[in-house]
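Undergrad: Sequence plus predicted model, see below.
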Amino acid sequence: MTIKDKVDGRLKRSEANRQLIIDAMINLVNRGNYMPTAQQVADTSGVSIRTVFRHFTEMELLYREIDDVVKPLYISYFKQDFKGDLQTRIKRLANAVVNGFSGGYHLSKVTTVLKWRSPVLQATYDYNQKMLRLYVLSMLPELKKCDSVTTELVVGMASFAFFERLHMDQGLSLAVCKKLIIAHLSSVFEAELK
């Protein structure tokens, strides 16, 4: 075995351990543990706590890695083909909101719960709010004809907070959440565009 083979083997092991740590953190969060300790991450990943700290000297670095993994999935729900008439686009937006936030519920929740103590999560939250607004405005260009209060109402109905209120707090099924969002968005536009 050459020195290059040893170095390549160590590098592959290091990359594999890093991925195990990221996967363990996502797994813990998805099980509802929004503030896992480094020891819990180590235990779940099957690597030593020393290895966790070697890769991530602080939790902020791990949050950043998780955001890099999750962001493309979140964006994929909202960056779709939103062509068609207004009603079709409203239905697609409701699907994006409900499917996106239900699929990434715990990861979205950890961002909102811990943003006050994590500059990385605060930046992630701010970015997500900005992008959600841009997506909603691009999906529903009719909002350009509406006043700012209506725009804020529509963006609010597409938010994680609104989804969480319907699904988690009120216990409504995903199908009912979609129906409510569609009905409310439709009525807003019906009243506004007359």
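TA: That came in fine, so what should we check first?
Undergrad: Tell me the buried residues in the top helix by length along the chain?
TA: Scanning the chain for the longest helix, with DSSP state H as the assignment, gives helix 3-30. Under the neighbour-count criterion of 16 or more other Cβ atoms under 10 Å, helix 3-30 has Asn17, Arg18, Leu20, Ile21, Ile22, Ala24, Met25, Ile26, Leu28, Val29 buried. For glycine as for every other residue, the C-beta is placed from the backbone atoms N, C-alpha and C.
Undergrad: Stretch 126-139 now?
TA: Counting neighbours by 16+ other Cβ under 10 Å, one finds that the buried residues in stretch 126-139 are Asn128, Leu132, Arg133, Tyr135, Val136, Met139.
Undergrad: Stretch 154-162 now?
TA: Counting neighbours by 16+ other Cβ under 10 Å, one finds that the buried residues in stretch 154-162 are Val154, Val155, Met157, Ala158, Ser159, Phe160, Phe162.
Undergrad: how about the helices of this structure, start to end?
TA: 3-30, 38-45, 49-55, 59-78, 86-103, 105-114, 119-139, 148-157, 160-164, 174-192.
Undergrad: which helices and strands does the first one pack with?
TA: Using 3 or more Cβ pairs under 8 Å, 6 or more residues apart in numbering; DSSP states H and E as the contact criterion, the secondary-structure elements in contact with helix 3-30 are helix 38-45, helix 49-55, helix 59-78, helix 105-114.
Undergrad: ditto for the fourth one
TA: Here helix 59-78 is seen to pack against helix 3-30, helix 86-103, helix 105-114, helix 119-139 when contacts are counted using 3+ Cβ pairs under 8 Å, 6+ apart.
Undergrad: swap the cut-off to 7 Å and go again
TA: Here helix 59-78 touches helix 3-30, helix 86-103, helix 119-139, going by 3 or more Cβ pairs under 7 Å, 6 or more residues apart in numbering; DSSP states H and E.
Undergrad: Which strands and helices lie in contact with the shortest one?
TA: In this case it means helix 86-103. helix 59-78, helix 160-164, helix 174-192.
Undergrad: how about the helices of the chain in a markdown table, adding mean pLDDT?
TA: Shown next, in a markdown table, are the helices of the chain (pLDDT from 0 to 100):
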| stretch | mean pLDDT |
| --- | --- |
| helix 3-30 | 82 |
| helix 38-45 | 94 |
| helix 49-55 | 91 |
| helix 59-78 | 82 |
| helix 86-103 | 94 |
| helix 105-114 | 89 |
| helix 119-139 | 92 |
| helix 148-157 | 95 |
| helix 160-164 | 96 |
| helix 174-192 | 93 |
